[in-house]
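> Let's see this in three dimensions:
(one chain, ligands or ions: 1)
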Amino acid sequence: MPFLMVAAQTAIDETSKVITVEKTPEVRLEQINPHPETGNDAVRPPQENPMQCALLINAACEYKLTMSFPVPTSLHSNEVMIRNYATGLNPIDWKSLAYNFCLPQFPWITGREMAGIVARVGDAVTNCRVGDRVWTSTYYKDRRAGCFQDLVVVPEHTVARIPAGLDFESAACLGVGALTAAMTLWKWMGIPMYPPPAVPSTVARDDRGYVLIWGGSSVTGQFATQLAALAHLHVIAVCSGQAAPVLRQLGAKHIVVRDGLSDAEIADAIRGIAGDDITRGIDLVGSKTARTLLEVLSKSKPALLAPLAMMSSSTPVPDNVTVVGVEMKQFVLDPSSKVYSSRLNELIEDGHIQLPQIEVIKGGLAAVEGGLRRLKEGRANGKKLVVSFT
Ligand SMILES: NC(=O)c1ccc[n+]([C@@H]2O[C@H](COP(=O)([O-])OP(=O)(O)OC[C@H]3O[C@@H](n4cnc5c(N)ncnc54)[C@H](OP(=O)(O)O)[C@@H]3O)[C@@H](O)[C@H]2O)c1
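Have a look, this model is predicted:
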């Protein structure tokens with residue numbers, strides 16, 4: 001699928017950065033400086049039809065950068081508009097173009113995670129105010145929530161403040177990898193969110209259970225490893241030798257270095273570690289490894305598999321295994337899911353969770369396409385790619 005850049009301007013029109021819109025009954029209106037730390041405090045005259053910069057996908061599944069995409073003029077009472085300072089890049093972003101899914105109509109705007117500053121709030125919003133530094137995780141069905149645009153509109157409960165000490169770029173990687181790991185473990189795999197800070201001596205070593213994370217060094221795998229270790233599970237991580245030291249530092253108890261091994265040989269090594277005791281598995285690689293992972297899950301105890309990177313529907317699933325359907329849209333559809341982003345924030349602020357190594361790509365929306373191409377071609381060098389707008 002060719003990537004097409006029609007307007008490759010990196011500078012964002014200054015006039016498009018200021019939001020001044022007509023007052024409607026349902027929205028509190030604010031006039032803000034988009035990037036206060038740059039020192040531009042000018043209050044701009046009202047714009048009748050405010051425009052923003054957006055990375056559109058057209059009907060041919062090609063990108064088109066535009067400087068004149070309309071800014072939503074009204075918000076629902078529970079919605080928040082966030083000025084984009086940084087957006088994380090994810091495999092789903094290039095996959096949805098390459099395979100034409102999660103694109104309800106054209107032109108569409110993708111991008112699932114971002115961090116920035118609250119620009120406007122609906123009348124009923126109580127948990128954040130204009131000027132707050134926040135991050136969010138979005139659902140593809142609302143074009144206003146696509147993160148590859150200057151101004152992103154999302155429901156209030158999906159907006160979390162940026163943990164103290166994090167910059168926008170770091171916070172922009174929480175909405176997909178971190179939140180998916182958290183909800184997979186806490187919501188769908190029944191792993192406690194509030195483990196005690198230390199392993200209780202009353203819990204025997206073998207009672208704590210194993211979780212196998214295939215693709216442990218992926219961004220999602222790094223978060224999952226830490227959250228599982230915090231819950232006192234024994235993590236077995238499959239990763240490259242290069243990533244092994246990081247995984248060990250993040251809390252993986254056992255590491256199977258995959259370099260030069262077939263999946264069958266990796267499976268043998270895993271059985272050598274845990275025998276028939278693996279009751280939870282998370283696959284972050286693909287259909288083939290998900291199938292192999294199923295073979296090493298316990299045959300005698302109830303077990304859970306979360307195939308986060310796809311699993312063929314024809315894969316035979318043993319009766320004792322439940323395949324967990326991880327639906328991250330629930331974070332947006334179910335307001336009670338806010339508990340997961342809140343708990344993640346606490347763990348980060350308390351220093352229990354380490355963020356992956358981040359590579360910041362400058363250039364704003366004009367840099368998204370190149371970053372996604374690197375992800376697609378496996379050239380992220382083990383780092384989380386984040387595009388910065390500042
Ligand atoms: N369902 C959802 O909502 C959801 C959410 C998040 C992610 N995902 C999916 O989960 C997958 C991972 O996403 P991500 O963003 O976390 O990935 P990522 O950070 O881009 O992961 C890339 C890493 O995967 C590792 N890897 C590649 N092939 C491997 C193999 N055969 N065995 C073990 N590790 C391998 C490589 O590390 P080493 O070379 O160091 O091993 C590579 O650095 C993607 O398919 C993504 O679409 C799904």
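> quick one: the helices in the protein?
In the chain, the helices defined using DSSP state H lie at 91-98, 168-171, 179-183, 219-230, 244-250, 263-274, 287-296, 329-333, 338-349, 368-376.
> Return the residues of the chain in contact with the ligand.
Contact residues (Cβ under 6 Å from any ligand atom) of the chain with the ligand: 90-92, 176-177, 180, 214-215, 217-220, 238-240, 242-243, 258, 284-285, 289, 308-309, 326, 328, 380, 382. Bear in mind the C-beta positions are built from the backbone N, C-alpha and C, glycine included.
> which of the residues you listed are buried?
90-92, 176-177, 180, 214-215, 217-220, 238-239, 243, 258, 284-285, 289, 308-309, 326, 328, 380, 382 (16 or more other Cβ atoms under 10 Å).
> still on that earlier bit, and the residues of the chain next to the ligand, which of them are in strands?
Mapping those onto strands (DSSP state E) picks out 214, 238-239.
> List just the nearest of those residues to residue 107.
Nearest to residue 107 among those, counting by Cβ to Cβ, is residue 214 at 36.7 Å.
> just checking, the closest one touches residue 238?
Yes. Proximity of residue 214 to residue 238 meets the contact threshold set by Cβ atoms under 8 Å, at 4.6 Å.
> Quick check: neighbours shared by the two?
The contact sets of residue 214 and residue 238 overlap at residue 289 (Cβ atoms under 8 Å, 6 or more residues apart in numbering).
> Tell me the one among the ones in strands among the residues of the chain next to the ligand nearest to the ligand.
Among those, residue 239 lies closest to the ligand (Cβ to the nearest ligand atom), at 4.0 Å.
> Kindly state the beta-bridge partners for the closest one.
residue 257 (DSSP bridges).
> quick one: low-confidence ranges for the protein?
Along the chain, segments meeting pLDDT under 70 span 1-48, 196-207.
> OK, contacts around the residue nearest the centre of it?
Centrality entry for the chain: nearest residue to the mean C-alpha point is residue 176, 1.0 Å, by Cα atoms, centre = their mean. Going by Cβ under 8 Å, 6+ apart, residue 176 touches 88, 90, 92, 112-113, 137, 219-220, 328.
> Please apply the same query to residue 91.
309, 375-376.
> Break this protein down into its structural domains.
14-173+355-388, 184-326 (automatic domain parsing).
> Minimum distance to residue 332: which of those domains has it?
domain 14-173+355-388 (3.9 Å).
> how far does that closest one sit from the chain's center?
Its chain's C-alpha centre and that of domain 14-173+355-388 lie 14 Å apart, by Cα atoms, centre = their mean, to the nearest Å.
> Turn the domains of the chain into a markdown table, columns for distance to residue 338.
Shown next, in a markdown table, are the domains of the chain (distance: least, Cβ to Cβ, whole Å):
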| stretch | distance to residue 338 |
| --- | --- |
| domain 14-173+355-388 | 5 |
| domain 184-326 | 12 |
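> Of these, which is nearest residue 341?
Minimum separation from residue 341 across the domains of the chain (Cβ to Cβ) falls at domain 14-173+355-388, 4.2 Å.
> So what pairs up with the residue nearest to residue 174 when sequence neighbours are not counted in the strands?
Distances taken as Cβ to Cβ, 6 or more residues apart in numbering put residue 135 closest to residue 174, at 5.3 Å, once the chain neighbours are dropped. Here residue 135 sits in beta bridges with residue 115, residue 160, as judged by DSSP bridges.
> could you list every residue that touches the closest residue to the ligand within the stretch 251-390 of the chain?
Distances between the stretch 251-390 of the chain and the ligand by Cβ to the nearest ligand atom are smallest at residue 309, namely 3.3 Å. Residue 309 makes contact with 91, 215, 283-287, 289-290, according to Cβ under 8 Å, 6+ apart.
> what does residue 185 give?
191, 211, 224, 227-228, 231.
> from the residues you listed, which two are the most distant?
Longest span within the contacts of residue 185, Cβ to Cβ: 224 and 231, 10.7 Å.
> And the two? Which one has more around it.
Taking residue 224 and residue 231 together and counting by other Cβ atoms under 10 Å, residue 224 has the greater number of neighbours (31 against 20).
> Could you measure from the more buried one over to residue 113?
16 Å (Cβ to Cβ, to the nearest Å).
> before we move on, the earlier item: how much space between the residue nearest to the centre of the chain and residue 262?
On the measure of Cβ to Cβ, residue 176 and residue 262 end up 30 Å apart.
> How about residue 136?
41 Å.
> So the two - more neighbours on which side?
The neighbour count for residue 136 versus residue 262, taken as other Cβ under 10 Å, is higher for residue 136 (29 against 10).
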